[in-house]
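# I'd like to go over a predicted model; first the sequence, then the structure.
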Amino acid sequence: MSNSNINNQQGSLSLVACITILVGGMIGSAIFSLSGMTIYYAGPAAIITWIMAAIVLLMYGLQVAELSTIFPKSGGVFVFPSKSLGKTEKQGKIWGWISVWGYINANIVGTAFAAIYVATYLSVAFPIFEGKQVFLAVLSCLICCILNILKFSVTGKANTFLVSLLVATMLVFIAVGLFGGNWDTSLITPFFTQGVKGGTGFISAIPNAMLAYGSIVAIAFMVSEVKNPNVNVPKSVLIAMGIVVSLYSLIIITTVGLVTADFLHENPGMRFIPLYAAAFTKLSAFPWLPKIISISAVLALLTTMLVLIALTSRAIAAAAEGGMLPKGLAKLNPKTGVPLTATIVVGIASIVISCFPQFTAEIVNLGSVFAAVTISINCISLLVARKKNPYVQGNYRAPGGSILPIVTLIIIVSSYIPGIISGASLWYYTAIWYSVGAVILMSALSRMKESEKKGSNVNS
């Protein structure tokens, strides 16, 4: 598909569906768990942390939106580097593989992690679910996998419904927290020095908050399923980020007026459930609120799972179509256009990992490493793609020229790298995963070489 006719592309996802998919993907476990860590590190200044993290990921999201107009094909995490980087097609595919292999791991683990926390939140708020963590986690993966197998417009409608409920329940927490009579302005001062990281804690906490906005690239990576993508991809990125950062900022403002960094320091068990901490300690006059928080958390986690499964299956299908994975994984359901086999593989992998919650927390730490690699490669891809591909008048172009990807790359690397150097075990598991990826890569390159030989013999 050429760049000039990108606006003639007729996908099934409207602007509203794109926005709700992005909002649903970004509003996940992070605001219910990692927000506590940002408050612990930065105190009330965590408000700035979440805004700064949103700006950085918005910069990245707009760049990926431009890449999606240059290469309007789903599976962008593989497609963009493979089409941009390397002097030959083979070199490009190697870069695409490095990008997609880490991305696949991070998303499958992220899906399983979300499923485990669906079970956790349900069991905390509703005693009937106690002791059923694995069952509920597996069921969550299964439901989200089935929804993804359906025509994605159906999944988009389901996601829209879930996101609407999610935003409503989060607004209830904000309203009760701010206007329930217990929000204390004195807890906001001092603003910068309450957290355990001191005056620079709001900067140290940025990598934690950045994880919450990772799905900002979702629509760009699914571009071939979007109506009028040249307009709807960048517009949905801007609107969705505006909605999410506004909602997140209100939640952080509400929470820091109820729960302090000192409280989280003295009660480490509360650091990953700050909204619960606020409800139990300061909002006990509203006994129904913990259940609302639980429902909101479950909705957030389910929408995140829907988006992660969709993105990962399309990345796998793109890699398979490029010859890096078995061709069967690229096969689309003729009735729905969904990569059926790839979706099932992602669902099964997520289910398996969700059965071992005792290991999930350690594996999830790898997400920061893989996120840094993927984001860095895509920023470089845009710089190279602009040089290789002449600009088509009317196509979307990210603002800032070459400065934007360079600045984004510097910020991403400087923000993520210090936080991921946390011990030998992290690098041990990273090395194992990429070693497996290297074996698959060599096998794929060998197959390509054999195919080229056969083609050469036939021609001769």
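Sure thing, it's come through.
# Which of the helices or strands spans residue 63?
Per DSSP states H and E, residue 63 falls inside helix 46-70.
# Average pLDDT for the helix or strand that that helix is followed by, rounded please.
Sequence-wise, the next helix or strand downstream of helix 46-70 (DSSP H and E) is helix 76-84. Mean pLDDT, computed over helix 76-84, is 88.
# ok, and what's touching helix 76-84?
Residues outside helix 76-84 that contact it (Cβ atoms under 8 Å, 6 or more residues apart in numbering): 64, 67-68, 70-71, 73, 92-93, 95-100, 103, 217, 220-221, 223, 311, 315, 318-319, 322, 324, 374, 377-378, 380-382, 384-385, 388. Bear in mind the C-beta positions are built from the backbone N, C-alpha and C, glycine included.
# redo that, cut-off 7 Å
Contact partners of helix 76-84, identified using Cβ atoms under 7 Å, 6 or more residues apart in numbering, comprise 64, 67-68, 71, 73, 92-93, 95-96, 99-100, 103, 220-221, 223, 315, 318-319, 322, 374, 377-378, 381, 384-385, 388.
# Leaving out chain neighbours, which residue sits closest to residue 302?
Counting by Cβ to Cβ, 6 or more residues apart in numbering, residue 302 lies nearest to residue 162, which is 6.0 Å off, once chain neighbours are set aside.
# How about the secondary structure of the one you found?
Judged by DSSP: H, G, I helix; E, B strand; the rest coil, the three-state class of residue 162 is helix.
# In terms of pLDDT, where does it sit?
Here, the pLDDT recorded for residue 162 equals 74.
# how much space is there between it and residue 75?
As judged by Cβ to Cβ, to the nearest Å, residue 162 and residue 75 stand 24 Å apart.
# Same question for residue 371.
Distance, residue 371 to residue 75, using Cβ to Cβ: 18 Å.
# Between those two, which has more neighbouring residues?
Higher neighbour count among residue 371 and residue 75: residue 75, with 30 against 21, using other Cβ atoms under 10 Å.
# if I pick that one, what's in contact with it?
Taking Cβ under 7 Å, 6+ apart as the criterion, residue 75 is in contact with 221, 314, 315, 317, 318.
# Burial check on the fourth one, number of neighbours?
By that I understand residue 317. A count of nearby residues for residue 317, using other Cβ under 10 Å, gives 24.
# do the last one as well
Neighbour count of residue 318, defined by other Cβ under 10 Å: 28.
# And it, its phi and psi?
With angles defined as degrees, to the nearest 10, residue 318 sits at phi -70, psi -40.
# any idea of the pLDDT on it?
86.
# now it, nearest residue through space, not along the chain?
Leaving aside its sequence neighbours, residue 318 sits nearest to residue 75 (Cβ to Cβ, 6+ apart; 2.3 Å).
# Also the first one?
Among residues not flanking residue 221 along the chain, residue 76 sits closest, at 4.1 Å (Cβ to Cβ, 6+ apart).
# Give the full set of residues in contact with residue 234.
Contacts of residue 234 by Cβ under 7 Å, 6+ apart are 62, 65, 396.
# how does it look with 8 Å?
Here residue 234 is in contact with 62, 65, 66, 396, 398 (Cβ under 8 Å, 6+ apart).
# quick one: secondary structure of the fourth one?
Assigned with three-state DSSP, residue 396 falls in the coil class.
# Tell me which helix or strand residue 182 sits in.
Here residue 182 is assigned to no helix or strand, by DSSP H and E.
# Which secondary structure state does residue 336 sit in?
Assignment for residue 336 (three-state DSSP): coil.
# Give me the neighbour count for it.
17.
# Next: the one 10 residues further on.
Other residues within reach of residue 346 by the criterion other Cβ under 10 Å amount to 28.
# Do I have it right that it meets residue 309?
Yes. Assessed by Cβ atoms under 8 Å, residue 346 is found in contact with residue 309 at 5.3 Å.
# Could you tell me which residues touch both of those two?
Common contacts of residue 346 and residue 309 (Cβ under 8 Å, 6+ apart): 107, 111, 145.
# Without its sequence neighbours, what residue ends up closest to the second one?
This points to residue 111. Counting by Cβ to Cβ, 6+ apart, residue 350 is the residue found nearest to residue 111 once chain neighbours are left out, at 4.2 Å.
# Settle this for me: that neighbour is touching residue 306, isn't it.
No. When contacts are counted by Cβ under 8 Å, residue 350 is not listed as touching residue 306 (11.8 Å).
# any idea whether residue 146 is helix, strand or coil?
The three-state label given to residue 146 by three-state DSSP is helix.
# and it, what is it in contact with?
Going by Cβ under 8 Å, 6+ apart, residue 146 touches no other residue.
# Give me the secondary structure label for the spatially closest residue to residue 339 that is not a sequence neighbour.
The shortest distance from residue 339 to any non-neighbouring residue, by Cβ to Cβ, 6+ apart, is to residue 317 (3.6 Å). Classification of residue 317 using three-state DSSP returns helix.
# Hmm, residue 317 is touching residue 344, no?
No. Checked against Cβ under 8 Å, the pair residue 317 and residue 344 is beyond contact range at 11.7 Å.
# For residue 92, which residues are in contact?
When the contact criterion is Cβ under 8 Å, 6+ apart, the partners of residue 92 are 81, 82, 83, 84, 85, 86.
# Could you tell me how many residues sit around the first one?
By other Cβ under 10 Å, the residues close to residue 81 number 28.
# again with residue 187
Residues near residue 187, counting by other Cβ under 10 Å, number 18.
# you'd agree it is up against residue 262?
No. Counting by Cβ under 8 Å, residue 187 stays clear of residue 262, with 9.7 Å between them.
# shaky segments in the stretch 101-250 of the chain?
Judged by pLDDT under 70, the stretch 101-250 of the chain has its weakly predicted residues at 151-159.
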